[in-house]
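S.K.: Got a predicted structure here, sequence first:
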Amino acid sequence: MNDHVTIRRGQSHLDAIRLQYGAAIEDAEWQTENQVTVTVALASLPEVVETLYYGREGWLATIVANDERQLNGHYALYYILSMEGADRCFFVVRALVPAHKPEFPSVTPRVPAVVWGEREVRDMFGLEPVGLPDQRRLVLPDDWPDDLYPLRKGAMDYRTRPMPAAPAETYTFINEKTKTSTEVPLGPLHITSDEPAHFRLFVDGERIIDADYRLFYVHRGMEKLAETRMSYNEVNFLTDRICGICGFTHSFAYSSAVERALGIDVPERAQFIRSVAGEVERLHSNLLNVGLACHFIGFDSGFMQVFRVREKAMTIAEVLTGARKTYALTLVGGVRRDIHKAERLRILELVAELRRDVADILDILMSTANLEARTRGVGRLDPKIARDFSPSGAVVRGSGFARDTRTMHPYGAYANAPVVVHTEQGCDVLSRVLVRVEDVQNSLDIIEYLIDKMPEGPVLVEGFSYIPQRFAIGNTEAPRGDDIHWVMLGDNQKLYRWRCRAPTYANWPVLRYMFRDNSVADAPLIVASIDPCYSCCDRMTVVDVRKETTTVVPMKELERWGRERKDSPLA
Amino acid sequence: MFKLLREIVKTGDVTTRYPKKPFPISPNFRGRVEYDPLRCMACAACTIACPANALSMVTDPAAGKRTWMFNYGRCVVCARCEEVCPTEAIVLSGQFELAVRAKSDLMVTAEFSLVTCRQCDTPFAPKKEVDYAMALLERAGVNPHDLELRRVQYETCPECRRLNDFARLRETRLVSGLDAPAAALVADLVSHMAPLRSGAELEP
Ligand code: SF4
Ligand code: SF4
């Protein structure tokens, strides 16, 4: 595996942990020049991850569990860290979990960022994180049988859905602040309901004390589907559908992961075309969120104007790929269509128009008194909390950290592109809006640069050989932060394991801290500032901790209150 | 406020008259799949390429038919089928209106008759595919005698061809020179192949 890698970044981190942990560091293998996987003794896992995370400027990319019983008789855990100080690289800490004793020491007490990952590993693989304080399921529904772990090899067919094992929703929403765990009535959410997210706010009057929420109601089982049914070059079209807004960047990250695992040299022109498409997607998505911010502060004319202008970004995508969304552009080895002269000129024309339109609209938006009044100081994300949980995109950049995988671990054609990683220090909703506003303008510069500097040549390589059990990471900067894909190749042109982590997965855990001490009326604005797929958040339950009452506020009513700020539905 | 009003006045009306007027699309737009059964030869390349399983084929050996099936409801409009189709029987059009009244309207099927194997009488390959291959050879200038030999070959099912190949091999030293256990193994293999070919259950 090491033979095709000559430059090896991450050596300094390896030396440091070898010095500190000695024999616990068992093995190191480079997958690419900036990806190294280091196997450590299971008992030392928490300490090693903590040292890398807090001691050597590591941030959490994601956790991957893998059922490697057929390969080496064990389950394997991969803690992927993005090293963002000196000696930048992806440093992966791997530990083997014995098949007969499926448990591992939880890292969460030392590094809170891994909490969701460890909960998911327990759900999907049945590996018990010993010492993990949160005993609740994350991904699986309450009525899922106790001993069925969907991602274990051979556990189940991807098409079957087991019979419900529990009659009702049993999930407990936890108020961490005052520690009173509230009994949750079945309330607004029936177990068969398909509402994709449910929020529970613990309030004192109108002030939010803490918040808890549950997601994954529409988990689509894509990782399982890809592993069992699809060949590696079909998965591109599945990854396109991970998100309705930013799907392309997933297929970009996925293809990169496979290409890196196989050591495929992707033609430069293909990388430029991919990067243009990725930047177009960032552009329209960031515009969308700026539009939504207008909507939530009650400035609907601004919302309409932004959406009118955004349409040009959609047209660029259509010219470039043949579709406004779901571009179906990448294959492993390159892209499926070239950019010809007429398209090039049309794109440049649209970019120039957009630059003018965007400037006008942003000028109007920034001079709207309501924007600042409604967003400054709202939904504060403390930099310390951000450091603990590794959020990404505008969420972390609004709190002062210049995290951006385009510059941190350059991919595609970004190495020389004029990427400006704008940060703000306000830590509030306003800061996150401002980051996106800057990103919109920067995306236009990047698109122009890439179109201008695009080298001639082929756009696709074929005829590489497919080697099972190779693995690597693919990374891209989506509009909401970084996408991380980890792929291990398998037999028969299939994937052995594919793990995809979208940025919002990294951003949800900090949301509860952003809610605290804000007014309930600002809740929609705060949620919108992490830019999740908003249609998901349909209604919310408010629990008054003093009066011990529970009120259900429909989303429409909450939005209206947020905009008008009168006739509180809680009164 | 003034800036906004000015922008609104400057922009004017942006709403289009769709559906009264057609909506313009880009030249490369990937729209609804259009299928021409007359061009199709049931080669199955598209059904293998389709990532969404929108395209499929079933063979009915008793009726000597193979049915090509397309489900618009599963199609993700990726154009992989268009890329692989050798006869341009599938192209993606500029149409984007896909709504239908009945779910069954989303299904398209086409039936193709199969050639039966000259040796074992099992229907196996679409007739049009064999004809297409022959036409290609003819156009490439293959002489009539060789062409006829090829036709015999193309009209023999893969299993029979494998048996033929083996029979030919047995004549050569490659097999006759084998030591006893190896020869027994090969003989055993051959005896298993015959029932397999006719679709009978393999004896345990
Ligand atoms: S366009 Fe794509 S999804 Fe649709 S039939 Fe063709 S290959 Fe299948
Ligand atoms: S690839 Fe073309 S010719 Fe072959 S089955 Fe599909 S549509 Fe017919």
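M.R.: Great, that's in hand. Ligands and ions are numbered 1, 2, ... in the order given.

S.K.: Just to check, residue A:11 is in contact with residue A:86?
M.R.: No. Counting by C-beta atoms under 8 Å, residue A:11 stays clear of residue A:86, with 11.4 Å between them. Quick note: C-beta positions are derived from backbone N, CA and C, even for glycine.

S.K.: any low-confidence regions in chain B?
M.R.: Chain B contains residues with pLDDT under 70 at B:1, B:171-204.

S.K.: residues from it in reach of chain A?
M.R.: Contacts of chain B with chain A, taken as C-beta under 8 Å from any C-beta of the partner chain, map to B:3-4, B:7-8, B:11, B:14, B:25-26, B:28-30, B:51-52, B:76-80, B:83.

S.K.: what about the residue of the stretch 251-400 of chain A found nearest ligand 1, how many neighbours?
M.R.: Nearest to ligand 1 in the stretch 251-400 of chain A, going by C-beta to the nearest ligand atom, is residue A:328, at a distance of 7.8 Å. By other C-beta atoms under 10 Å in any protein chain shown, 23 other residues sit near residue A:328.

S.K.: sorry, back to before: from the residues of chain B next to chain A, list just the buried residues.
M.R.: In those, burial by neighbour count holds for B:4, B:7, B:25-26, B:28-30, B:51-52, B:76-80, counting by 16 or more other C-beta atoms under 10 Å in any protein chain shown.

S.K.: pLDDT value on residue A:367, please?
M.R.: Turning to residue A:367, the model gives it a pLDDT of 86.

S.K.: any idea how far it is from residue B:3?
M.R.: Taking C-beta to C-beta, to the nearest Å as the measure, residue A:367 falls 7 Å from residue B:3.

S.K.: repeat for residue B:147
M.R.: Applying C-beta to C-beta to residue B:147 and residue B:3 gives a distance of 78 Å.

S.K.: Centre-most residue in chain A?
M.R.: Centroid check for chain A by C-alpha atoms, centre = their mean gives residue A:503 as the closest residue, at 1.5 Å.

S.K.: Direction included, what does the strand ranked longest in chain B pair against?
M.R.: In terms of residue count, the longest strand belonging to chain B (DSSP state E) is strand B:107-116. Strand B:107-116 has its sheet partners listed here by DSSP bridges as strand B:65-71 (antiparallel), strand B:123-126 (antiparallel).

S.K.: How many neighbouring residues does residue 132 have?
M.R.: As the question left the chain open, I've gone with chain A. Residues lying near residue A:132 (other C-beta under 10 Å) number 19.

S.K.: my bad, chain B
M.R.: Quick note: residue B:132 (other C-beta under 10 Å) scores 16 neighbours.

S.K.: sec struct for it, please.
M.R.: helix (DSSP: H, G, I helix; E, B strand; the rest coil).

S.K.: For chain B, what lies in contact range of ligand 1?
M.R.: For chain B, the contact set with ligand 1 under C-beta under 6 Å from any ligand atom comprises B:33, B:49-50, B:52, B:54-55, B:75-81.

S.K.: okay, among these, which ones form the most distant pair?
M.R.: B:49 and B:77 (13.7 Å; C-beta to C-beta).

S.K.: follow-up on the earlier one: ok, so of the residues of chain B next to ligand 1, who is nearest chain A?
M.R.: residue B:78 (4.2 Å; C-beta to the nearest C-beta).

S.K.: Which element, helix or strand, includes the closest residue to the closest one other than its chain neighbours?
M.R.: Among residues not flanking residue B:78 along the chain, residue A:328 sits closest, at 4.2 Å (C-beta to C-beta, 6 or more residues apart in numbering or on different chains). Using DSSP states H and E, residue A:328 sits in no helix or strand.

S.K.: check contacts around residue A:328.
M.R.: A:236-237, A:240, A:321-322, A:336, B:30, B:76-79 (C-beta atoms under 8 Å, 6 or more residues apart in numbering or on different chains).

S.K.: list the buried ones in stretch A:476-483?
M.R.: Neighbour-count burial for stretch A:476-483, counted by 16+ other C-beta under 10 Å, picks out A:476-483.
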